[in-house]
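S.K.: return atomic coordinates for the entry below.
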Amino acid sequence: MKRKNNLRRVLIAVLCISLTVFGVTSDYLKVPISVAANTIINAYGTDKIVAITESESVTTTTVAVKTEGVAHSVPQTTTVPTTTMANAVAVSSNAKGKISNVTLNQNGATSVGNLHIANKTGKTVDVAAQLKVKPDFTIYKNASPQVLIVHTHATECYFPKESDVYYDDWATRTADKSKNTVAVGQIIADKLNAAGIVTLHDETLHDKDAYNGSYERARKTIQSYLDKYPSIDVVLDIHRDAITYDDGTKVSPTIEIDGKKAAQIMIATGCNSGNVTDHDNWIENFRFAIRLQKSCEEKYGKFARPLYFVSKKYNHDLTPGSLLIEMGSEANTLEQVKYSA
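M.R.: Down below sits the predicted model:
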């Protein structure tokens, strides 16, 4: 019996050394010692097993595996019962895909100095010339309401914590206003009001009951505010993006600012082109957008992804200072997005 145990330890040690090249250890599972090494490899597939070490118990072996698949279901200090090797594998396979935490660059954008624009319209605009023309509105401090924050897609929410994987049961929308884009809009409203720029914040969940038609419903909301407060020139529609690679990987666009992770933002504005022919305010919106974009890039580098210039109206025809702002993506955390706000 002792000879068999020694032989088993030698075989495990050889396996451990041969597998060390595959990755970095992060999380641990306890599995039956009687499970052969090749069975463990087959069970975990492409997950990188980097160490197999025998514990003091005669009934368990500790297996260290790479983060992918199990990192966020089995914490490093958690011990899975020795009879549940199959369950441990099931935990790993429940992961639907990866999350990539990256800073998106300016590839494919048109650059004017340090101002980057993703022009999807087919329209040529002299950006340098438009930077010299002020938008047709002026913001006054401590005056009548001049800014309105709305949410066409208010239920868009974020990943609960920083992660490398996501699961099937991950909810990307919620009516909980403390967790969706409404919470983000409130921070922006509070900051503007604190700066003396009187800002109103509408918390209507225009997409709660149906996603289709949310822009039409938001338009009615915006118009009701404009009727009551004709002093409003700026309408910020706060959204949350969703970025997925072809292989199913979700993108969490982040950048470090003053030592903290912030979600990258994206400003979007439209124009008269393609099927859009009735957007009379588009050039005013554009002038506002490029100034905000330029300010973001000068102060915080790649904090703002390239300005998204498209053949859309987005209800921006209602005021000369209307913009859509994507605050992070679905794989960003709420904490990261709040910091950006």
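S.K.: low-confidence ranges, this protein, go.
M.R.: 1-94 (pLDDT under 70).
S.K.: how about the helices in it?
M.R.: 2-19, 37-44, 85-93, 127-130, 181-194, 214-228, 282-300, 334-340 (DSSP state H).
S.K.: all strands of the stretch 51-200 of the chain, in order?
M.R.: 60-65, 95-102, 110-112, 115-119, 147-150, 165-167, 199-201 (DSSP state E, counting those that start in this stretch).
S.K.: looking at those, which is closest to residue 248?
M.R.: Smallest distance to residue 248 across the strands of the stretch 51-200 of the chain (CB to CB): 3.9 Å, for strand 95-102. The way it works is simple: take the backbone N, C-alpha and C, and place the C-beta from them, glycine included.
S.K.: sort out which residues of that closest one are buried, please.
M.R.: Using 16 or more other CB atoms under 10 Å as the test for burial, strand 95-102 gives 95, 97-99, 101.
S.K.: just to revisit the earlier point, any idea which of the strands of the stretch 51-200 of the chain gets closest to residue 282?
M.R.: strand 115-119 (13.2 Å).
S.K.: distance check, residue 278 against residue 137.
M.R.: Distance from residue 278 to residue 137, counting by CB to CB, to the nearest Å: 20 Å.
S.K.: who's more crowded, the two?
M.R.: residue 137 (15 against 8; other CB atoms under 10 Å).
S.K.: quick one: that one and residue 234 touch, right?
M.R.: Yes - the pair residue 137 and residue 234 passes the contact test of CB atoms under 8 Å, sitting 7.3 Å apart.
S.K.: what sits in contact with each of the two?
M.R.: Residues touching both residue 137 and residue 234 (CB atoms under 8 Å, 6 or more residues apart in numbering) are 319, 321.
S.K.: returning to what we had before: most packed of the strands of the stretch 51-200 of the chain?
M.R.: strand 147-150 (a mean of 24; mean count of other CB atoms under 10 Å).
S.K.: what pairs with that strand, parallel or antiparallel?
M.R.: strand 199-201 (parallel), strand 234-241 (parallel) (DSSP bridges).
S.K.: can you pull the phi/psi pair for residue 151?
M.R.: Residue 151 adopts backbone torsions of phi -140, psi 100, taken as degrees, to the nearest 10.
S.K.: next, work out how far apart it and residue 210 are.
M.R.: 15 Å.
S.K.: more crowded one of these two?
M.R.: residue 151 (28 against 9).
S.K.: what residues are up against the more buried one?
M.R.: Residue 151 sits next to 180-182, 185, 202-206, 218, 237-239 when contact means CB under 8 Å, 6+ apart.
S.K.: just the buried ones from the residues you listed, in ChimeraX syntax?
M.R.: The following ChimeraX line selects those of the contacts of residue 151 that are buried, judged by 16+ other CB under 10 Å:
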select :180,181,182,185,202,204,205,206,218,237,238,239
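S.K.: include distance to residue 157 when you put the contacts of residue 151 into TSV, please.
M.R.: Formatted as TSV, the contacts of residue 151 follow (distance: CB to CB, whole Å):
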residue	distance to residue 157
180	4
181	7
182	10
185	13
202	18
203	14
204	16
205	12
206	15
218	18
237	16
238	13
239	12
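S.K.: out of the strands of the stretch 51-200 of the chain, nearest to residue 243?
M.R.: The nearest among the strands of the stretch 51-200 of the chain, by CB to CB, is strand 95-102 at 9.0 Å.
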